[in-house]
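K.L.:
Predicted model and sequence below, questions to follow.
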Amino acid sequence: MSAARTFVDLLAGRCDAGKLAPRDWDGVIGVARSEAMLATLAHRLEHADLPPTVAALFADQRAAAAVAQRQALWEAEMARRALSPTGVEFVLLKGAAYAAADMACAAGRQIGDLDILVLASDIGRAENLLLKAGWEWVKPDPYDDAYYREHMHELPPLIHKARDRMIDVHHTILPRTHRITPDALALVSDAVKTLDGFAVLRPTDMACHCAAHMLADGDLQGGLRNLWDFHSMTREFAADDPGFWGRLDERAALHGLRDAVHRAARLARDLYGTVLQTGWDRADLADVWFRRRLVARDDWGRVTHPMIEQAFYMRSHWLRMPPTMLAQHLWTKWRKR
């Protein structure tokens with residue numbers, strides 16, 4: 001069995017960690033690092049029978065992840081202090097949202113940039129307030145700046161000049177030129193509050209955004225991590241709400257994300273054992289290519305099927321913009337290199 005498959009089986013609880021040989025751990029750790037999921041695996045196997053060196057590594061990873069989450073929530077607080085006093089409200093997205101809501105998928109999750117969602121009508125004010133509060137542009141190139149502003153679902157990324165932390169300010173969750181146009185107003189207006197007063201997406205919208213980020217707006221880089229998020233959050237939401245899957249289906253249809261959400265559910269079932277309701281398990285022959293892309297790593301964490309990786313890279317661009325615009329964009333980027 002490949003290291004990627006062993007890694008997935010460990011997360012899913014299908015593999016006994018105590019029976020792995022030292023060489024097996026080398027491969028598993030290599031895959032976990034490449035997927036930015038080493039701390040996630042460390043939390044999943046916190047009480048497992050592990051070799052001393054692996055146990056020590058995992059303890060360090062859990063401690064580092066706890067520090068990183070505190071840093072991420074502090075950065076969210078800094079954004080709140082910069083924006084909220086002037087009436088610009090925002091919704092936390094992705095890892096910071098999971099941590100703020102104390103969700104199961106936050107355990108050990110690597111959090112990079114701070115992602116927030118504001119109303120499109122507030123995007124200009126949000127930009128100016130963040131610049132005034134110490135953030136500055138990461139992409140000074142005029143073409144990149146114009147591309148973000150005209151075609152993307154977010155401002156060009158900003159980084160704080162003192163704290164060296166990045167923030168991505170979204171006004172929707174998929175690019176403007178994407179074939180799918182989620183209801184951004186509904187995402188913001190139906191958000192819910194955490195105990196600390198941060199706004200996060202309602203459960204069904206959070207699952208929709210996770211599926212969109214994984215399958216409708218990317219080439220599946222980090223796909224195993226995003227799929228683990230989807231598996232963990234839907235299991236948690238369904239445990240609290242017996243009608244969750246039905247509500248998720250309705251909300252996905254509202255946002256135009258029904259295909260992406262259903263595919264994410266099937267992939268989560270196939271890899272992590274997500275329990276689905278009737279109607280969510282229809283066959284789709286294309287799923288086999290998504291599964292191959294997700295587990296295409298060797299014992300060093302390197303991609304083993306570069307042609308499949310390239311095909312998904314091309315697919316991600318094809319979904320994001322019309323053919324003529326895509327050709328112009330790729331030509332411009334190639335010339336700039």
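P.N.:
Received, thanks.

K.L.:
Quick check: which ranges of the chain have low pLDDT?
P.N.:
Along the chain, the model assigns pLDDT under 70 to residues 1, 326, 329-330, 333, 337.

K.L.:
now do 80
P.N.:
The chain contains residues with pLDDT under 80 at 1, 139-140, 321-337.

K.L.:
Give me the buried stretch members for stretch 115-126, please.
P.N.:
Buried residues in stretch 115-126, defined by neighbour count with 16 or more other CB atoms under 10 Å: 115, 116, 117, 118, 119, 122, 123, 126. Placement of C-beta: from N, CA and C, glycine included.

K.L.:
Now do the contacts for the last one.
P.N.:
Just to be clear, that refers to residue 126. For residue 126, the contacting residues are 83, 88, 90, 118, 155, 169, by CB atoms under 8 Å, 6 or more residues apart in numbering.

K.L.:
and the second one, how many residues sit next to it?
P.N.:
Residue 88 has 23 neighbouring residues, counting by other CB atoms under 10 Å.

K.L.:
just checking, it touches residue 118?
P.N.:
Yes. The pair residue 88 / residue 118 is scored as a contact, 6.3 Å apart, by CB atoms under 8 Å.

K.L.:
so how far is the helix or strand encompassing residue 332 from its chain's centroid?
P.N.:
Under the criterion of DSSP states H and E, residue 332 resides in helix 323-336. Chain-centre distance of helix 323-336: 26 Å, with CA atoms, centre = their mean, to the nearest Å.

K.L.:
and residue 210, that one's in a helix?
P.N.:
Yes. With DSSP: H, G, I helix; E, B strand; the rest coil as the criterion, residue 210 is part of a helix.

K.L.:
Does it touch residue 264 like I think?
P.N.:
Yes. Here residue 210 reaches residue 264: they are 7.1 Å apart, a contact under CB under 8 Å.

K.L.:
and stretch 27-40, which residues are buried?
P.N.:
So, applying 16+ other CB under 10 Å, buried residues of stretch 27-40: 27-32, 34-40.

K.L.:
what about that stretch, how long is it end to end?
P.N.:
16 Å (CA to CA, to the nearest Å).

K.L.:
Ok, stretch 127-140 next?
P.N.:
OK, stretch 127-140 end separation, CA to CA: 15 Å.

K.L.:
among the buried residues of stretch 27-40, which two are most distant?
P.N.:
Farthest pair in the buried residues of stretch 27-40 (CB to CB) is 27 and 39. Separation: 17.9 Å.

K.L.:
residue boundaries of the strands in the stretch 151-300 of the chain?
P.N.:
With strands called from DSSP state E, counting those that start in this stretch, the stretch 151-300 of the chain shows them at 158-160, 166-170, 192-193, 199-200.

K.L.:
Make CSV out of those and add distance to residue 318 and mean neighbour count.
P.N.:
Shown next, in CSV, are the strands of the stretch 151-300 of the chain (distance: least, CB to CB, whole Å; neighbours: other CB atoms under 10 Å):
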stretch, distance to residue 318, mean neighbour count
strand 158-160, 29, 19
strand 166-170, 22, 21
strand 192-193, 34, 12
strand 199-200, 31, 20
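
K.L.:
Adding distance to residue 276, write these out as CSV.
P.N.:
CSV is the format used below for the strands of the stretch 151-300 of the chain (distance: least, CB to CB, whole Å):
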stretch, distance to residue 276
strand 158-160, 39
strand 166-170, 29
strand 192-193, 24
strand 199-200, 24
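
K.L.:
For residue 44, find the nearest of those strands.
P.N.:
strand 199-200 (23.2 Å).

K.L.:
tell me what the closest one is packed against?
P.N.:
Packing partners of strand 199-200 (3 or more CB pairs under 8 Å, 6 or more residues apart in numbering; DSSP states H and E): strand 91-93, strand 192-193.

K.L.:
doesn't residue 200 make contact with residue 91?
P.N.:
Yes. Using CB under 8 Å, residue 91 is in contact with residue 200, at 6.4 Å.

K.L.:
quick revisit: what does the helix holding residue 332 rub up against?
P.N.:
Under CB under 8 Å, 6+ apart, the answer for helix 323-336 is 141, 143, 147, 151, 177, 317, 318, 320, 321.

K.L.:
does the third one belong to a helix or a strand, and which?
P.N.:
Mapping residue 147 onto the secondary structure by DSSP H and E places it in helix 142-151.

K.L.:
now the angle from that helix to helix 323-336?
P.N.:
For helix 142-151 and helix 323-336, the angle between their directions (axes from the mean of the first three to the mean of the last three CA atoms, to 10 degrees) works out to 160 degrees.
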